[in-house]
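Enquirer: What shape does this take:
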Amino acid sequence: MKCANVKECACPKQSCANHRKCCVCVIKHRETDSLPFCMFLDNEGDKSVKHYYEKLKERFE
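Expert: Have a look, this model is predicted:
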């Protein structure tokens, strides 16, 4: 069942059990201190918030 709040799913990872279930996905990632795949560009397999900030720093230096 897809999330009723989703108009268009931005996540490219269709194999994920939470694909098109954005509310469930966000809760899961909030609990694990990581970011959803759809929110993290160039994640190199590391979706941690720390890595996200490192990538942002690189991008804006």
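
Enquirer: Let me see the contact set for the most centrally placed residue in the chain.
Expert: What sits nearest the mean C-alpha location of the chain, by C-alpha atoms, centre = their mean, is residue 36, with 1.2 Å. Applying C-beta atoms under 8 Å, 6 or more residues apart in numbering, we find residue 36 in contact with 11, 22, 25-26, 29, 47. Glycine gets a C-beta too; all of them are placed from N, C-alpha and C.

Enquirer: so can I have JSON lines of those showing neighbour count and distance to residue 57?
Expert: Converted to JSON lines, those look like this (neighbours: other C-beta atoms under 10 Å; distance: C-beta to C-beta, whole Å):
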{"residue": "11", "neighbour count": "17", "distance to residue 57": "25"}
{"residue": "22", "neighbour count": "19", "distance to residue 57": "27"}
{"residue": "25", "neighbour count": "23", "distance to residue 57": "25"}
{"residue": "26", "neighbour count": "15", "distance to residue 57": "24"}
{"residue": "29", "neighbour count": "18", "distance to residue 57": "21"}
{"residue": "47", "neighbour count": "17", "distance to residue 57": "17"}
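
Enquirer: Narrow those residues to those in helices?
Expert: Among the contacts of residue 36, the ones falling in helices (DSSP state H) are 22, 25-26, 29.

Enquirer: export the helix ranked longest in the chain as PDB, just CAs?
Expert: For the chain, the helix that runs over the most residues, judged by DSSP H, is helix 49-60. C-alpha atoms of helix 49-60 as PDB (Å, rounded to 0.1, in the frame of the first residue of the first chain):
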ATOM      1  CA  VAL A  49      23.600  12.300   8.800                       C
ATOM      2  CA  LYS A  50      27.300  12.900   9.500                       C
ATOM      3  CA  HIS A  51      28.200  11.800   6.000                       C
ATOM      4  CA  TYR A  52      25.500  14.100   4.600                       C
ATOM      5  CA  TYR A  53      27.000  17.100   6.300                       C
ATOM      6  CA  GLU A  54      30.400  16.100   5.100                       C
ATOM      7  CA  LYS A  55      29.100  16.100   1.500                       C
ATOM      8  CA  LEU A  56      27.400  19.400   2.000                       C
ATOM      9  CA  LYS A  57      30.600  20.900   3.300                       C
ATOM     10  CA  GLU A  58      32.500  19.600   0.200                       C
ATOM     11  CA  ARG A  59      29.800  21.000  -2.100                       C
ATOM     12  CA  PHE A  60      29.900  24.500  -0.700                       C
END
